[in-house]
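Asks: All I have is the shape, not the residue letters:
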């Protein structure tokens, strides 16, 4: 840059008197070739800020020819049409002429002849004649418009990415494909999602991400992730994590594989779906359970019973089934109101659920009828349980208005697979017929299917 300024200075001093440079300096034509063919804008101003020299790069960048700009100061209004901004630039030029300070990296926005706006980075200094008189100033300008636009776009992209990461309802991540899910980057949403700060999880500083995944969900996740390769389609999964406060929430992860140097990594987002999961679970519960008793409903009963009968047939195992009906239920509703009737069914449902095995299940079959399914139970064992339940129900106060003489009783029919039926319909029919025989024989009894 200094060498170019020196050449321009010497060229400017010698162009007026047509005196060739002395010593080892090249002739005037060589000076002109250097200045005119320089890839940067070069101009020389006199002490009144009029243009003395305007090279080809200045013509190309600004759109104004040297003939248009030479010998006057009109170029200022053309390049800087806004008066206040033009005054600032002219003040800077005046400072260069007034002081010995060299200006570096001074940027201005110019209006080109075409109307296009460009950004020019200037390097300028003043120079003097051989007698010490002030000649003017020389400026070299570089068109940095494209660079500045790229920087602005990059800054905007980074700003948008930062805003996205900040406002993302979850966290973005990049991690290694190892059994610790070693995090290399985590967005700020990590704290709200997991309770941990990003620095606590990055590089397993205080906690490996794998350790906050619910233990029951880790094997399936690892099986899915361990063989992922670049180019594979994006993956998604739902699993549970344990937050720093000890609570467990459901999350949804969506990600893909990237290649970074020699390392294959995962990157994606993890979102909190706990409310959605809870809603789904509540809806699934309501769809499969009776709202009054809390027992499974008839639809769910038939689905489970068919599945258990298929399993029993496959492994040649027995299955017991009890069908019970509340005795004299209509008078309870008529004499004490439907609220008391509902109370009977609610308490009966709780009693049944609390007095069967975890593999057994009770259902509200319809009205005041209940069904209990007993996998891997023979007929005699099923009858024994039915009798224990009958006696327990008889001894339990199932509604508040009942006296000792008004205790609730049930009639129970017992059937078993495969003796009394090979499918749910025939098995339930056999138990229903046995239950009606118990009714006919005086109620509050247990009857086997025949």
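Replies: Thanks, I have it. The structure presented is a predicted model; accordingly, all values stated were derived computationally and were not measured. Residues are numbered from 1 along each chain as shown.
Asks: Is residue 421 in contact with residue 415, as I believe?
Replies: Yes. Here residue 421 reaches residue 415: they are 6.5 Å apart, a contact under Cβ atoms under 8 Å. Where you see a C-beta, it was placed from the backbone N, CA and C, and this is true even at glycine.
Asks: Show the pLDDT at the residue most central in space within the chain.
Replies: Nearest residue to the geometric centre of the chain (Cα atoms, centre = their mean): residue 269, 3.9 Å. Per-residue confidence (pLDDT) for residue 269: 92.
Asks: Just the element for it, please.
Replies: strand 263-272 (DSSP states H and E).
Asks: Quick check: neighbours of that strand in the sheet, parallel or antiparallel?
Replies: Paired neighbours of strand 263-272 in the sheet (DSSP bridges): strand 170-176 (antiparallel), strand 248-260 (antiparallel).
Asks: Would you convert these into JSON lines that also reports distance to residue 324 and mean pLDDT?
Replies: As requested, these are exported to JSON lines (distance: least, Cβ to Cβ, whole Å; pLDDT from 0 to 100):
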{"stretch": "strand 170-176", "distance to residue 324": "49", "mean pLDDT": "92"}
{"stretch": "strand 248-260", "distance to residue 324": "38", "mean pLDDT": "93"}
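Asks: which of those strands sits most buried?
Replies: Across those, averaging neighbours per residue (mean count of other Cβ atoms under 10 Å) puts strand 170-176 on top, at a mean of 21.
Asks: next helix or strand past it?
Replies: strand 183-186.
Asks: re the thing from before, report the buried residues of the strand holding residue 269.
Replies: The neighbour-count check on strand 263-272 (16 or more other Cβ atoms under 10 Å) flags 265-266, 268-272 as buried.
Asks: Then stretch 200-212?
Replies: For stretch 200-212, the neighbour count (16+ other Cβ under 10 Å) marks 200-202, 204, 208-210, 212 as buried.
Asks: now stretch 384-401
Replies: In stretch 384-401, counting by 16+ other Cβ under 10 Å, buried: 385-386, 389-390, 393, 398-399.
Asks: ok, back up a step: any chance of the buried residues of stretch 200-212 in a markdown table with secondary structure and distance to residue 109 as columns?
Replies: Below are the buried residues of stretch 200-212 laid out as a markdown table (DSSP: H, G, I helix; E, B strand; the rest coil; distance: Cβ to Cβ, whole Å):
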| residue | secondary structure | distance to residue 109 |
| --- | --- | --- |
| 200 | helix | 47 |
| 201 | helix | 46 |
| 202 | strand | 42 |
| 204 | coil | 50 |
| 208 | coil | 52 |
| 209 | helix | 48 |
| 210 | helix | 53 |
| 212 | helix | 52 |
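Asks: re the thing from before, adding distance to residue 297, write the buried residues of strand 263-272 out as CSV.
Replies: Formatted as CSV, the entries for these read as follows, by distance: Cβ to Cβ, whole Å:
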residue, distance to residue 297
265, 48
266, 42
268, 39
269, 38
270, 36
271, 33
272, 31
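Asks: Now the two most distant members of these.
Replies: 265 and 272 (23.3 Å; Cβ to Cβ).
Asks: Would you mark the buried spots in the very next helix or strand once past the strand holding residue 269?
Replies: Later in the chain than strand 263-272, the nearest helix or strand by DSSP H and E is helix 274-288. By neighbour count on 16+ other Cβ under 10 Å, the buried set for helix 274-288 is 274, 277.
Asks: Stretch 94-109 now?
Replies: So for stretch 94-109, counting by 16+ other Cβ under 10 Å, buried means 96-97, 103, 108.
Asks: I'd like to know which of those are part of strands.
Replies: The members of those that map onto strands under DSSP state E are 103, 108.
Asks: okay, the buried residues of stretch 94-109 in CSV with pLDDT next?
Replies: Below are the buried residues of stretch 94-109 laid out as CSV (pLDDT from 0 to 100):
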residue, pLDDT
96, 84
97, 83
103, 87
108, 95
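Asks: Generate CSV for the buried residues of stretch 94-109, with distance to residue 236 as supplementary columns.
Replies: Converted to CSV, the buried residues of stretch 94-109 look like this (distance: Cβ to Cβ, whole Å):
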residue, distance to residue 236
96, 62
97, 67
103, 57
108, 52
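Asks: Nearest to residue 242 among the buried residues of stretch 94-109?
Replies: Set against residue 242, the nearest of these by Cβ to Cβ is residue 108 (58.6 Å).
Asks: Go ahead and confirm that closest one touches residue 117.
Replies: No. Checked against Cβ under 8 Å, the pair residue 108 and residue 117 is beyond contact range at 10.6 Å.
Asks: what does the domain assignment say about this protein?
Replies: Structural domains annotated on the chain: 2-148, 168-276, 289-448, as defined by automatic domain parsing.
Asks: So which of those domains is the most surrounded?
Replies: Greatest burial across the domains of the chain, using mean count of other Cβ under 10 Å, falls to domain 289-448, with a mean of 18.
Asks: Any idea how far apart the tips of it sit?
Replies: One end of domain 289-448 sits 28 Å from the other (Cα to Cα, to the nearest Å).
Asks: for that domain, what is the average pLDDT?
Replies: Mean predicted lDDT for domain 289-448 stands at 94.
Asks: Residue 320 - nearest residue in space that isn't next to it in sequence?
Replies: Once flanking residues are discounted, residue 320 sits nearest to residue 382: 3.1 Å by Cβ to Cβ, 6 or more residues apart in numbering.
Asks: quick revisit: wait, what's in contact with the residue nearest to the centre of the chain?
Replies: Counting by Cβ atoms under 8 Å, 6 or more residues apart in numbering, residue 269 touches 168, 170-173, 253-255.
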